[in-house]
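[1] Generate a structure from the sequence data that follows.
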Amino acid sequence: MLDKGMKPCLNTSLALFNGIACFESLENSKEFYEQVKPKGVLPDAGEGTEGRFTELMKSFQSYADLEKRTIDKDIQEVISEFSEEGFGKHAAKIFCAMVEDGNVSEAMDLFQSTPETRINPMVIVYTTVIEAYIKRNKNKDALQTYLNMLAAGLAPNLYIYSVLIKGLAVDADFFGDAKKYLIEMLDKGMHPNAGTYTAVLEGFGRQENKKAEEEGKEFLEVMMAKGFVPDHEASCEGGVEGQTNTC
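    Down below sits the predicted model:
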């Protein structure tokens, strides 16, 4: 098309770049971008839509920055997988996990929406890195990676919140952060799954003192005031019954 002087519409160009990133690799995306840039594939500034291309190009830079910033050898291997394999496997994992939790509409919004609103590939990268840190009990690094993601202008989704909260909730040093992000989810209208909120409620129980018990009751009341409705079975199994008398 370009060699014949035809200029694709913005949606066509975005879809192609997203497809390369998802099914091939970031390196291929960057190489293809450099190949077509001289041919005028970028939209004119006057079209008012160049920002979407700029955002996609920022994703490539964000990936490079994450690579340079990461010194953990195990996590470096996790990040390198994206250059070799693309995003498909990791995206499918997140999509399936959200569907299994009953968040079908949210999953569809992220993975089956238009090229302009579809999940940013770098969100998938950051999610996978955060999860890798959590699995290795490196919660400080997981939290810092999450903060770096926010600083890069990327918004968290249900899956990221779930992974982060469950990991931080079992660590006394980061229990306060777990509570903070659970409330943040509710404030955004997101509904945490049973595993996520139970991890936080169990955190109060592990402290085994009257003050923590009262704080647990107050925290659950705050959650319910924000529209939270606990799953009866999960709440009982998570030890909420003895603390809050909700079961």
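[2] how deep is Ile130 tucked in, by neighbour count?
    Ile130 is flanked by 25 other residues according to other Cβ atoms under 10 Å. Quick note: C-beta positions are derived from backbone N, CA and C, even for glycine.
[3] does it sit in a helix or strand, and which one?
    Counting by DSSP states H and E, the element that carries Ile130 is helix 121-135.
[4] before we move on, what about Gln144?
    Gln144 belongs to helix 139-151, assigned by DSSP H and E.
[5] Show me what secondary structure element comes after that helix.
    helix 158-169.
[6] Give me the helices and strands touching that next one, please.
    helix 88-100, helix 121-135, helix 139-151, helix 175-187, helix 194-206 (3 or more Cβ pairs under 8 Å, 6 or more residues apart in numbering; DSSP states H and E).
[7] Name the residues of the helix holding Ile130 that are buried.
    Across helix 121-135, burial judged by 16 or more other Cβ atoms under 10 Å covers 121-134.
[8] What of stretch 192-206?
    Those would be 192-194, 196-204, for stretch 192-206 by 16+ other Cβ under 10 Å.
[9] same question, stretch 170-186
    Neighbour count says stretch 170-186 has 170-171, 174-175, 177-179, 181-183, 185-186 buried, by 16+ other Cβ under 10 Å.
[10] could I get those residues as JSON lines with pLDDT?
    Output for these, formatted as JSON lines (pLDDT from 0 to 100):
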{"residue": "Val170", "pLDDT": "93"}
{"residue": "Asp171", "pLDDT": "93"}
{"residue": "Phe174", "pLDDT": "95"}
{"residue": "Phe175", "pLDDT": "95"}
{"residue": "Asp177", "pLDDT": "96"}
{"residue": "Ala178", "pLDDT": "96"}
{"residue": "Lys179", "pLDDT": "96"}
{"residue": "Tyr181", "pLDDT": "96"}
{"residue": "Leu182", "pLDDT": "96"}
{"residue": "Ile183", "pLDDT": "96"}
{"residue": "Met185", "pLDDT": "93"}
{"residue": "Leu186", "pLDDT": "94"}
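[11] Reformat these as JSON lines; add distance to Lys4.
    Converted to JSON lines, these look like this (distance: Cβ to Cβ, whole Å):
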{"residue": "Val170", "distance to Lys4": "59"}
{"residue": "Asp171", "distance to Lys4": "59"}
{"residue": "Phe174", "distance to Lys4": "57"}
{"residue": "Phe175", "distance to Lys4": "61"}
{"residue": "Asp177", "distance to Lys4": "55"}
{"residue": "Ala178", "distance to Lys4": "56"}
{"residue": "Lys179", "distance to Lys4": "59"}
{"residue": "Tyr181", "distance to Lys4": "51"}
{"residue": "Leu182", "distance to Lys4": "55"}
{"residue": "Ile183", "distance to Lys4": "56"}
{"residue": "Met185", "distance to Lys4": "50"}
{"residue": "Leu186", "distance to Lys4": "53"}
